[in-house]
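**Student:** When you get a sec, could you give me coordinates for this:
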Amino acid sequence: MWKQLEPAIRGDTGASYPVDKKQTNSVKSYNIHTIIRGFGRVSGEIIHIFSDEGKVDTVTVKQDKMPIDQMNAVHDQLHALESFMNRRILGQHNLVNKMLVALLADGHLLVEGAPGLAKTKAVKTLAEALQGDFQRIQFTPDLLPADLTGTDIYRPQDGSFEFQPGPLFHHIILADEINRAPAKVQSALLESMAERQITVGGTSYTLPELFFVMATQNPIEQEGTYPLPEAQLDRFVMKVDIDYPEVSSERLIMQQARAEAKSDKQVMALPDVLPLPQQIILDARLQVLDIHMAQSVEEYIVQLVQASRNARTYSSKLDQWILYGASPRATLAFDRCARALAWLDRREYVSPEDVQQLAHEILRHRILLSFQAEADGVTVDQVIDELLTHVPVA
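**Tutor:** Have a look, this model is predicted:
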């Protein structure tokens, strides 16, 4: 039957096709997710109309999603973006991948790594490849909330106040060394991330629909910093730890920097398909939400998060190491990010491997270790490895 329906699902909406199947005399309506040839998943409604003889006469397809050609075009453009960033940001494939996953999941990213590992260059390259505004905010101890949100400016000529937007009113934000600013400044940023708005003088202002924050932390220098509390860390959909590049990548970095210094410009120009319109990202987010996730994968996600809270069920060792487990935001992050990862991999379904691949980034800033774990020299990544070992795939 699905073979006969394929022309209708590919775009001939509202068409009727005869099928060969015996049923009782009735009229039924089904909501479907039909996988078809090539990449794409079309949601729609199939109406079965049965004749008096009990044989299906027609099947009408009502398509309510974008055409497959358009879906493929969106996917190809996002892959062109990822390929361009990997050529520009050498040796940090995981960072580039997780940036795109967070962007498609409509979340924000926390990145921790030593200086000089292309954190700033990565987000600047992303902004360059998108048709959006970019703003870098250097967090310092003397920063004020108004330095982020903006403030009301008094106009003496007419005796009125006029709101002057701050740097948060951009599409791509780099919050550099976020842990160097005091808590009141951090909370102003976190409000914009969670509510997609900022409040100044009792008035709320909506931020752009495409709004992505990448915050960075330096793990080396901790003197004079204000560590983010766990409740604020939870607002980031993922936390990515980056390390030094491999020898081969570092050699290419040196050659690329030398070539850029000689030409006084970026050696690698944007391909023709870039910069991407913002609507491409918004369309891709809708496609990500249509990626199929089986109930068994949903159950695996829930059990994995539950295991971080009730560790004694799985291991006495884990119970000694974990003080507080992950919140329900971790479950939501798994749901959105796993779909985005599958979408980037040109798959129409989420697999348990997608969940496992994202486990460290989603859980490492949401699990609080006990004193016993610190005394034993156990890291949060080791605890997550233990969770993945003990929680079976449903």
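**Student:** With residue 118 as the reference, measure out to the closest residue to residue 393 other than its chain neighbours.
**Tutor:** Nearest non-adjacent residue to residue 393, counting by Cβ to Cβ, 6 or more residues apart in numbering: residue 352, 4.6 Å away. (Glycine included, C-beta is placed from N, CA and C.) Distance of residue 352 to residue 118, given as Cβ to Cβ, to the nearest Å: 31 Å.
**Student:** between those two, who's got more neighbours?
**Tutor:** Neighbour count, other Cβ atoms under 10 Å: between residue 352 and residue 118, residue 118 has more, with 20 against 17.
**Student:** what's near enough to touch the closest residue to that one other than its chain neighbours?
**Tutor:** Nearest non-adjacent residue to residue 118, counting by Cβ to Cβ, 6+ apart: residue 89, 5.2 Å away. By Cβ atoms under 8 Å, 6 or more residues apart in numbering, residue 89 lies in contact with 95, 96, 118, 121, 122, 125.
**Student:** tell me the contacts of the residue nearest to residue 393?
**Tutor:** Counted by Cβ under 8 Å, 6+ apart, residue 352 has contacts 297, 300, 393.
**Student:** switch to 10 Å and redo it
**Tutor:** By Cβ atoms under 10 Å, 6 or more residues apart in numbering, the contact set of residue 352 is 294, 296, 297, 300, 301, 304, 338, 392, 393, 394.
**Student:** again with residue 251
**Tutor:** Contacts for residue 251 (Cβ under 10 Å, 6+ apart) come out as 90, 91, 245.
**Student:** Dig out what the closest residue to residue 178 other than its chain neighbours forms beta bridges with.
**Tutor:** Nearest residue to residue 178, sequence neighbours excluded (Cβ to Cβ, 6+ apart): residue 215, at 4.2 Å. Using DSSP bridges, the bridge partners assigned to residue 215 are residue 110, residue 175.
**Student:** Now do residue 215: how many residues are near it, please.
**Tutor:** The number of residues packed near residue 215 is 29, by other Cβ under 10 Å.
**Student:** Can you tell me how far it is from residue 176?
**Tutor:** From residue 215 to residue 176 the distance is 8 Å (Cβ to Cβ).
**Student:** And the pLDDT for the residue nearest to residue 172 when sequence neighbours are not counted?
**Tutor:** Nearest residue to residue 172, sequence neighbours excluded (Cβ to Cβ, 6+ apart): residue 127, at 4.1 Å. As predicted, residue 127 sits at a pLDDT of 92.
**Student:** Same check on residue 190?
**Tutor:** Reported pLDDT at residue 190 in the predicted model: 85.
**Student:** elements contacting the helix or strand containing it?
**Tutor:** Assigned by DSSP states H and E, residue 190 belongs to helix 183-195. Helices and strands touching helix 183-195, by 3 or more Cβ pairs under 10 Å, 6 or more residues apart in numbering; DSSP states H and E, are helix 146-149, strand 172-176, strand 197-200, strand 203-206, strand 212-217, helix 230-233.
**Student:** could these go into CSV alongside mean pLDDT and distance to residue 109?
**Tutor:** Below are the helices and strands packed on helix 183-195 laid out as CSV (pLDDT from 0 to 100; distance: least, Cβ to Cβ, whole Å):
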stretch, mean pLDDT, distance to residue 109
helix 146-149, 94, 18
strand 172-176, 95, 10
strand 197-200, 88, 20
strand 203-206, 90, 22
strand 212-217, 95, 5
helix 230-233, 84, 12
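**Student:** and of the ones you listed, who's closest to residue 105?
**Tutor:** Residue 105 sits nearest to strand 212-217 of all the helices and strands packed on helix 183-195, at 10.3 Å, using Cβ to Cβ.
**Student:** Next, the contact list for the residue most central in space within the chain, please.
**Tutor:** With distances taken as Cα atoms, centre = their mean, residue 102 lies nearest the centre of the chain, 1.8 Å away. With contact taken as Cβ under 10 Å, 6+ apart, residue 102 is in contact with 108-110, 212-214, 236-238, 240, 333, 336-337, 340, 361.
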